[in-house]
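> requesting a structural model of the entry that follows:
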Amino acid sequence: MLNFKKMHGLGNDFVILDGRENGLALTLEQRRFIADRQRGVGCDQLIILERSENWSETNFMRIYNPDGSEAEACGNATRCVADLLMREDNVNSMVIETVAGNLNCWQEDEGLVRVDMGVPKLEWRDIPLSKEADTLNLPLEGDPVAVNIGNPHCVFFVDEISSDKSVEVQGRRFELDPLFLNKTNVEFVQIVTPNHVRMRVWERAAGITQACGSGACAVAVAAIRRGLTERKMTVTLDGGDLTIDWPSDDAPVHMTGPVTYVFDGVIEQL
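Numbers count the residues shown, from 1 in each chain. Have a look, this model is predicted:
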């Protein structure tokens with residue numbers, strides 16, 4: 001049997017398993033089963049907590065997509081896990097280790113959690129792209145921007161946010177474009193004001209989701225680089241609002257938003 005917690009950040013939902021004490025090695029098929037919304041628990045990402053092998057005072061967060069593949073980063077999941085562990089240890093700040101690096105997290109007022117998502121990577125090799133290209137103006141239809149904020153993103157600026165069908169068709173198309181060596185997340189962004197943008201996201205290996213924390217950070221970085229917004233902004237996703245702050249080009253991006261506990265459960269058989 002496996003105990004789990006179900007949480008979400010603005011509708012971006014997660015099944016969280018604790019493997020810190022005894023370890024937890026799930027097969028690809030088991031990971032897919034848990035994430036399956038018809039046959040398993042259902043989630044956008046499966047999160048497994050592990051003991052860090054590098055730092056005695058941090059916890060390692062491993063992230064899996066619904067297809068069972070491993071993801072490098074997930075901002076909304078980081079907020080959820082940080083809130084869970086800070087409450088567990090009765091502290092107001094914490095470092096969480098991920099494949100993409102160590103992320104500093106803080107409790108904020110009104111139940112919000114802030115995460116230091118790191119300094120964005122903007123060179124074509126760091127996205128990574130399959131060939132040299134200007135990441136501020138990718139050689140793709142729609143003139144998107146590429147950003148790596150722990151994972152790859154392709155950001156399109158549009159006059160008006162499209163329907164589900166359009167996001168699905170274009171998202172799937174560009175996720176699999178050969179320019180992106182590791183595939184990519186795809187965001188569609190409408191500038192509302194200089195400190196407010198609206199976005200929708202197609203997550204790599206997950207499809208349309210209610211929110212994407214790393215995607216919101218990538219959108220902010222892309223908008224600032226294009227000179228379209230101020231450096232601190234509200235990013236409105238299908239599931240709600242995040243506050244993104246990128247003070248300078250060489251500074252880390254900070255993301256602040258809510259977390260929600262849904263329920264605890266038990267998986268009796270895998």
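> tell me which helix or strand the nearest residue to Glu160 once chain neighbours are set aside sits in.
For Glu160, ignoring the flanking residues on the chain, the nearest one in space by Cβ to Cβ, 6 or more residues apart in numbering is Gln190 at 6.0 Å. For the C-beta atoms, the positions are set from N, CA and C on the backbone; glycine is no exception. Remark: Gln190 resides in strand 185-193, with elements defined by DSSP states H and E.
> the residue nearest to Glu160: what's it in contact with?
Going by Cβ atoms under 8 Å, 6 or more residues apart in numbering, Gln190 touches Phe157, Val158, Asp159, Glu160, Ile161, Val197, Arg198, Met199.
> parallel or antiparallel, list what pairs with the strand holding Gln190.
Strands that pair with strand 185-193, judged by DSSP bridges, come out as strand 152-157 (parallel), strand 196-203 (antiparallel).
> tell me which of these sits most buried.
Highest mean neighbour count among the strands paired with strand 185-193 (mean count of other Cβ atoms under 10 Å): strand 152-157, with a mean of 26.
> next one: phi and psi at the nearest residue to Arg51 once chain neighbours are set aside?
Closest residue in space to Arg51, ignoring its immediate chain neighbours: Arg20 at 5.0 Å, by Cβ to Cβ, 6+ apart. Main-chain dihedrals, Arg20, degrees, to the nearest 10: phi -70, psi -30.
> try Ser214
phi -60, psi -30.
> what's the answer for Asp109, then?
phi -60, psi 160.
> quick revisit: pull out the buried residues from the strand holding Gln190.
By neighbour count on 16 or more other Cβ atoms under 10 Å, the buried set for strand 185-193 is Asn185, Val186, Glu187, Phe188, Val189, Gln190, Ile191.
> between those, which is nearest Ser93?
Asn185 (27.6 Å; Cβ to Cβ).
> measure that closest one to Ala71 for me?
Per Cβ to Cβ, to the nearest Å, Asn185 is found 10 Å from Ala71.
> identify the residues contacting the most centrally placed residue in the chain.
The centroid of the chain falls nearest to Cys74 when counting by Cα atoms, centre = their mean (2.9 Å). Residues near Cys74 by Cβ under 8 Å, 6+ apart: Asn12, Phe14, Gln45, Ile47, Ile63, Asn151, Cys212, Gly213, Ser214.
> any low-confidence regions in the stretch 151-270 of the chain?
Judged by pLDDT under 70, the stretch 151-270 of the chain has no weakly predicted residues.
> hmm, back to that, if I look at Asn185 and Ala71, which residues touch both of them?
Asn151, Arg204.
> pLDDT (mean, whole number) over the strand or helix carrying Val115?
Element membership of Val115, judged by DSSP H and E, is strand 113-116. Regarding strand 113-116, the rounded mean pLDDT is 98.
> what ranges does the stretch 1-150 of the chain have for its strands?
With strands called from DSSP state E, counting those that start in this stretch, the stretch 1-150 of the chain shows them at 2-9, 12-18, 45-51, 59-64, 70-71, 93-98, 101-107, 113-116, 145-148.
> other residues contacting the shortest one?
Outside of strand 70-71, the residues within contact range by Cβ under 8 Å, 6+ apart are Gln45, Arg62, Ile63, Tyr64, Asn65, Val99, Asn151, Arg204, Ala205.
> same thing but 10 Å
31, 45-48, 62-65, 77, 98-100, 150-151, 185, 203-206, 214 (Cβ atoms under 10 Å, 6 or more residues apart in numbering).
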